[in-house]
Every structure is written in C-alpha cells, then in structure tokens.
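K.L.:
Sequence plus the predicted model coming up.
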Amino acid sequence: MIKKQRLEEILDRLSELRVLVFGDYFLDYYLTLDRSLSEISLETGLEAYQVVETRKYPGTAGVVAANLRSLGADVLALGLGGDDGNGYDLRQKLIEAGVDVRGYLQAPGFATPTYHKPMMREPDGSQHELNRMDVKPRRPLEPELEDRLIEAMRWLLPEAHGMLVVDQARSLNCGTVTDRLRAEIERQAAQNPDKVIQADSREFLGRFGSVILKANLGEAMRAAGLSNSADEYAVDRAERCGRSLCERAGRPVVITLGSEGIYLVERPGQAGILIPAIPVSGPIDIVGAGDSVNAAVGAALCAGATLAEAGFLGNLVASIVIQQIGVTGTASPAQVLAQFQAHFSD
C-alpha cells in the first residue's frame, strides 16, 4: 500500500502526460432488449427481440484510451478502422472523449471491429448479456496498411511519454498488431529507453520483446509455454510464468489475478510480489477490467511511479470499473481517492 499523499502526487502527474495507445480499436455496441415487448416472427416462428436503447463506447484499445482520459492524461490513438458507419461512430466517440485521432487511420473496405453486446431486460427488471456478436478481421493485415501504421508510430511516439499496446487478435497477424509492428515496437523501445512501452496481448504475448508485459494469468501461462497444475495456487503459477517471461523479455511483467490482485515481477532473477486486490461487494461486471489495469499501470509508470505503486493504482482502478454494470467503465482521480479512503485509514 502507498500513502495518500503519494497517491495524490501520482494522480496529479497524470494530467501532465501524453500517452500513445496503439492496437486494436473496437466499437462496443450495446443493445438493450425488452423481453416484455418481444414478438414472434411470422417468417421463422422465432422470438424477435425488441431493441429499446443503444449505447456505443470505444472498446479494447479504446477502453485503454478512455481510462487514460478519465484519469487525466492526454491520449494519442494509433489504430485502424473502416470507412463504414461503425468506424465513423468509433472515431466520434474517441473525439468526444478528448482523444487525439490523427493516428486513427481509416481504410476503405476495412470492416471496423465491433462487439455487438445484446443486454436482455427481463420482466422482473433484471438484466443479463446474451451471446455477443463479433465483427473483426479474419485475414492478415495488408502490407500497405502495416506501412501506414509504422509511419504513424514513428511520428507520434516522439510526442508521447510512453506507448501502451493492445493486441486483441486471436489469429496471428490478422489484427492491427502484426509481427512487423511488433518488430517496430521493439526497435522503438531500443531507440527510446526513456519511454514506457507496455504490451497487453490476448494470444501473442510471447512474441513481444524488450517491453513491459501485461497479461492475465491464462495469457501469461500460454506465453511462457507452461502448463497448469491442479494443486498449484494462482500466485505460484504467476511466479513461475512471470519470472520466465521477465527473463525472456528483460523487462517487468504484470499479471492480473482477478479477485486475488496483481502479481509483479520487476527484474530477471528477482522474486515477484503480490499486490492484493481491493475488496468489493455487490454485483460486478469484469468487462474492461484488464484494459483499465493496463491504462492505470502504464500511466503510473509514465508518471514516475514504482512498479509496486503502479500495481496498487491498477487495483484501485479495477475495483471501481468492475462495479459499473453493463457499460465499459472508467475511473476518475476523484473516484480513485474516494475508493482509497473507503478502504485505508491513510
């Protein structure tokens, strides 16, 4: 834990930062359905859901950008969208959030990645999410689009204190963060040792080198090529894969453990530490929690925090975000301080 005065110092510094967020920008498209208004389709005989409300938010890399903005940092977006309606909406939502979109490139014929999230409202007032419907790239990114992204990274990164990479793709080279872009990220890390560069990857964390690695435990285990043991605690698994990844990348590793907190390995050959989670009560929604940790930890490191201090801030932000139901949540400095004061005497 850190002192309140130190937390306030870090939060104050966030407003002086500019952070580049590179990766897969999705549109989170929520549709609220009212079961009491459902109709039966004459053509199929199936229940026809009735949409009574829609909400749109920047998703995935957009969640990281939105969290950084909520924390007070300036954000430069670097990513790819289509010239379709969802691409327009996503760009507008980023602009509304105060994100600099010079690096949000739009390509004709490219389908803007979108998560359609239907939320069913039952007659008793309860609400739950139905099967998500995804629009995302299924083919390798075209070389000319890779060229455009590399060029944009080279002229945007000098403006930033650091870069957070969000790699959401499940198929190799089909997202924005391809092997060519990973090689460029590694070059930029070597050329800019004073800048914080942190990568979060759903499937390909092990393909990143020379940058800070952030992952949940399952992602970290896959990246390290280690198998689970039924009788092994999560913290012990985090220690094994965290030390392996830290040795490989030569940089710190941040592993989220859900309700147990965040595990940090700072240097090769060094034992890691567990930063316990902030306890919360009532319903929770973990959508966007990992992205909020990515934003909070990366921003804190850019602001000069130690890795342990950054992990503590990540836990505070995640505890606020998961209590925001049915939305892609964020946390403000005022909310962070209130959460701190609710759980700690200092």
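P.N.:
Here it is on my side, so go on. What you see is a predicted model; the values in this text were computed from it and never measured.
K.L.:
those helices in the stretch 51-200 of the chain, which residues are they?
P.N.:
Applying DSSP state H, counting those that start in this stretch to the stretch 51-200 of the chain gives helices spanning 61-71, 85-96, 143-156, 179-191.
K.L.:
so which of the ones you listed gets nearest residue 287?
P.N.:
helix 61-71 (8.7 Å; CB to CB). To be clear about C-beta, it is placed using only N, CA and C from the backbone, and glycine gets the same treatment.
K.L.:
Determine the set of other helices and strands touching that closest one.
P.N.:
Applying 3 or more CB pairs under 8 Å, 6 or more residues apart in numbering; DSSP states H and E, we find helix 61-71 packed against strand 18-23, strand 25-34, strand 51-60, strand 74-82, helix 85-96, strand 162-167, helix 289-302, helix 307-321.
K.L.:
could you redo those as TSV and give each row distance to residue 338?
P.N.:
TSV is the format used below for the helices and strands packed on helix 61-71 (distance: least, CB to CB, whole Å):
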stretch	distance to residue 338
strand 18-23	24
strand 25-34	26
strand 51-60	23
strand 74-82	23
helix 85-96	25
strand 162-167	25
helix 289-302	15
helix 307-321	9
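K.L.:
closest to residue 199 out of the ones you listed?
P.N.:
strand 162-167 (4.1 Å).
K.L.:
avg pLDDT for the closest one?
P.N.:
Average pLDDT, strand 162-167: 98.
K.L.:
Flag every buried residue along the lowest-mean-pLDDT helix or strand in the chain.
P.N.:
Least confident element among the helices and strands of the chain, by mean pLDDT, DSSP states H and E: strand 127-129 (a mean of 89). By 16 or more other CB atoms under 10 Å, strand 127-129 has no buried positions at all.
K.L.:
same thing with stretch 17-37?
P.N.:
17-33.
K.L.:
before we move on, the earlier item: between the helices and strands packed on helix 61-71, which one is closest to residue 183.
P.N.:
Of the helices and strands packed on helix 61-71, nearest to residue 183 by CB to CB is strand 162-167, at 12.7 Å.
K.L.:
Could you list every helix and strand that that closest one packs against?
P.N.:
Identification of packing neighbours for strand 162-167 by 3+ CB pairs under 8 Å, 6+ apart yields strand 18-23, helix 61-71, helix 179-191, strand 196-201, helix 289-302.
K.L.:
can you rerun that using 7 Å?
P.N.:
strand 18-23, helix 61-71, strand 196-201, helix 289-302 (3 or more CB pairs under 7 Å, 6 or more residues apart in numbering; DSSP states H and E).
K.L.:
Tell me what angle it forms with strand 25-34.
P.N.:
60 degrees (axes from the mean of the first three to the mean of the last three CA atoms, to 10 degrees).
K.L.:
Send over strand 162-167 as CSV, restricted to the C-alpha atoms.
P.N.:
Output of strand 162-167 as CSV, limited to C-alpha atoms (Å, rounded to 0.1, in the frame of the first residue of the first chain):
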residue,chain,number,x,y,z
GLY,A,162,5.1,6.3,-23.5
MET,A,163,3.1,3.8,-25.5
LEU,A,164,0.5,1.2,-24.5
VAL,A,165,0.0,-1.7,-26.9
VAL,A,166,-3.3,-3.5,-27.0
ASP,A,167,-3.2,-6.7,-29.1
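K.L.:
strands paired with it, and their directions?
P.N.:
Note on strand 162-167: by DSSP bridges, its sheet partners are strand 18-23 (parallel), strand 196-201 (parallel).
K.L.:
And the contacts of it?
P.N.:
Residues from elsewhere that reach strand 162-167 (CB atoms under 7 Å, 6 or more residues apart in numbering): 19-24, 60-61, 64, 157, 175, 177, 185, 195-202, 204, 294-295, 298, 302.
K.L.:
nearest to residue 281, of the helices and strands packed on helix 61-71?
P.N.:
helix 307-321 (10.7 Å).
K.L.:
That closest one relative to helix 61-71, how many degrees between them?
P.N.:
100 degrees.
K.L.:
between the very next helix or strand once past helix 307-321 and helix 307-321, how big is the angle?
P.N.:
Going down the chain from helix 307-321, the next helix or strand is helix 333-343, by DSSP states H and E. If you take the same axes, to 10 degrees, helix 333-343 sits at 100 degrees to helix 307-321.
K.L.:
Next, the buried residues of helix 333-343.
P.N.:
333, 335, 336, 339, 340.
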